[in-house]
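Trainee: below is the sequence, then the predicted model.
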Amino acid sequence: MTNIIMNTTSMTFQLATYIKARELLVHYKLASVLDIGSGDGKKLQAFIYPFTKDITVFDLPSGLARLKHKFNKIISGDLNRGYFDFERKFDLIISADCIEHILLYQNLIETLKRNSTKDTYIVLSSPDCSTVMRQRSDHKHNWTQSEFEQVLNYFGVTILSCDLVDELDAYPVYKSIIAVCKV
């Protein structure tokens, strides 16, 4: 089943990010998940939903319009307009290739801080700008791995690991920066 899912367009990008999130979810027996910028939700459904049903999805209205699965809670919003407080804390927060689209990415980082505890794991990813993805006009920010780490550190995010990963099924081929963090 996974091979069929992986060959669909929506499963091509950020695959390694969701696999990393699943590893953390299972290893640390985490229960509640917030996905910021989830798009159609297929990766959430394939990699996270089998292990927890307590999933909150947050995205722009246009992203939520593509949502293919009903999750625990679905919230529409725009981080370019401010940070969000979901009035609860999560065990795991995922934001896959979202931060580079947000002009005021500090709002995303503030959202992470307001909705996590010291025990929350955060998985953030962004394309590495040294690859072909740099030319994307919808990206407001472009980072190398070291620049991404500097941005996160500047805003008080503790990086537990930060890896450069090939997006194997993506064309054109590019690398993702995947950071596992705490705030």
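Mentor: That came through, no problem.
Trainee: mind listing residues that contact the helix ranked longest in the chain?
Mentor: Ranked by residue count and defined by DSSP state H, the top helix of the chain is helix 15-27. The contact list for helix 15-27, computed with C-beta atoms under 8 Å, 6 or more residues apart in numbering, reads 6, 30, 33, 43-44, 46-48, 51-52, 91-92, 94, 96-97, 121, 123, 125, 165, 167-169, 176, 178, 180. Any C-beta I mention is one placed from the backbone N, CA and C, and that applies to glycine too.
Trainee: apply 6 Å and report the result again.
Mentor: Helix 15-27 has contacts (C-beta atoms under 6 Å, 6 or more residues apart in numbering) with Lys43, Phe47, Phe51, Leu92, Ile94, Ala96, Tyr121, Val123, Ser125, Val165, Ile178.
Trainee: repeat for stretch 144-151
Mentor: Taking C-beta under 6 Å, 6+ apart as the rule, stretch 144-151 contacts Ser126, Cys129, Ser130, Ile159, Cys162, Leu164, Ile177.
Trainee: at 7 Å instead, please
Mentor: Contact with stretch 144-151 is made by Ser126, Asp128, Cys129, Ser130, Trp143, Ile159, Cys162, Leu164, Ile177, Ala179, as judged by C-beta atoms under 7 Å, 6 or more residues apart in numbering.
Trainee: lowest pLDDT pick from the residues you listed?
Mentor: The member of these with the lowest pLDDT is Ser130, and it reads 79.
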